[in-house]
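**Q** below are the sequence and a predicted model; questions follow.
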Amino acid sequence: MSESDIAAARAAMDGFMAAFSAEDAEAIRTRWYHFPHVRFHSGKVTIFERPEDFSSIVFDRKGQAREWAKSAWDYVELVDAGPNKVHFRVQFSRFRDDGSRIGSYKSFYIVTLKDGRWAIQGRSSWAE
């Protein structure tokens with residue numbers, strides 16, 4: 001795998017985080033996620049089969065995200081890269097409007113190249 005592919009996969013992570021913090025669900029659905037999209041969280045597995053299935057408790061301000069205003073990466077580390085797939089170990093934080101941290105969450109993201117586009121296809125985290 002080339003360095004430019006890894007950089008493109010990483011750019012998909014950053015694009016997703018920017019769209020997420022902007023509450024731009026349409027950008028997430030059409031640019032930053034591939035479907036089906038799989039999420040392991042809170043002791044369960046959620047599969048978004050189609051873009052219109054995507055939802056977020058963060059946008060709905062539920063659970064840990066009740067006071068959420070934005071999120072940001074604390075770190076994004078490359079774990080492995082192979083043909084058409086990159087694995088990242090990450091930690092992100094959620095913040096309130098005043099900039100105080102709600103919490104930090106370690107996660108694992110899988111970014112794939114599909115139809116000529118790098119986007120997130122799966123993730124596992126301890127966040128709600």
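**A** Sure thing, it's come through.
**Q** and the strands in the protein?
**A** 33-41, 44-48, 70-82, 85-95, 101-114, 117-125 (DSSP state E).
**Q** and the third one, average pLDDT?
**A** Mean pLDDT, computed over strand 70-82, is 97.
**Q** biggest helix in this protein by residues?
**A** Secondary structure assigned by DSSP state H gives helix 3-21 as the longest helix of the chain.
**Q** on that earlier part again, turn the strands of the chain into JSON lines, columns for distance to residue 25 and mean neighbour count.
**A** Yep, even glycine has a C-beta here, placed from its N, CA and C like the rest. Below are the strands of the chain laid out as JSON lines (distance: least, Cβ to Cβ, whole Å; neighbours: other Cβ atoms under 10 Å):
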{"stretch": "strand 33-41", "distance to residue 25": "10", "mean neighbour count": "17"}
{"stretch": "strand 44-48", "distance to residue 25": "11", "mean neighbour count": "12"}
{"stretch": "strand 70-82", "distance to residue 25": "14", "mean neighbour count": "13"}
{"stretch": "strand 85-95", "distance to residue 25": "17", "mean neighbour count": "18"}
{"stretch": "strand 101-114", "distance to residue 25": "18", "mean neighbour count": "17"}
{"stretch": "strand 117-125", "distance to residue 25": "14", "mean neighbour count": "19"}
